[in-house]
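**Q** Just the structure for this:
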Amino acid sequence: MMTETVVNVQDVPNSNAPNKQSERGHPLGWIKINLDYFKTVPGILKLLQLICGVICMSCANTRYEKATHFFLFVAVVSFIFTLLMVFAYLTSLREALAKLPINVVLSELISTGVWAICYLIAFIIQLAIWSGSFFPDRGPNIAAGVFGIINTGLYGFGTYLLYIESRSSS
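**A** Now for the predicted structure:
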């Protein structure tokens, strides 16, 4: 004769497992690393803006021509702005800010457009000053101006993409 075995399954809380309530209540629970954004066209564009900004900052030299100060100002401040935006997209901060009454797309559209115009003015000044100059640092400064042209195009294209996004969201 065979004995019959009865198994009772009981849900016992595991003291080593994380509590689901504490995960939801975590103050930084909204941060999620979003690397997929940098596989899209706007994400690649932001990375290219950072790379061109680094090249502009490293090539420009204010030793001989003082007009390069404005070019460097635009390059440095736009680099910092773009770096902050990359951080916001990387940590999904933009999605967290969407809950606030701030139009993130419109504010990014305006600021990216302003940087495109500032780069346009800055590279014109940079190339106008250094094209007629015979100082030793002429070559790198002209290269900085050329990369300023490229960054103007990148910021302009980014402004266009943000304009399309703002029109589709409204």
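
**Q** What score does the nearest residue to residue 135 once chain neighbours are set aside have for pLDDT?
**A** Setting aside the residues directly before and after it, residue 135 is nearest to residue 64 in space (Cβ to Cβ, 6 or more residues apart in numbering), at 4.0 Å. Placement of C-beta: from N, CA and C, glycine included. As predicted, residue 64 sits at a pLDDT of 78.

**Q** Which helix or which strand is home to residue 64?
**A** Per DSSP states H and E: residue 64 is located in neither a helix nor a strand.

**Q** any low-confidence regions in the protein?
**A** When residues are selected by pLDDT under 70, those of the chain lie in 1-30, 98, 170.

**Q** I'd say the residue nearest to residue 135 and residue 133 touch.
**A** Yes: with contact defined as Cβ atoms under 8 Å, residue 64 counts as touching residue 133 (7.0 Å).

**Q** for this protein, what's the longest helix?
**A** Ranked by number of residues, the top helix in the chain under DSSP state H is helix 138-169.
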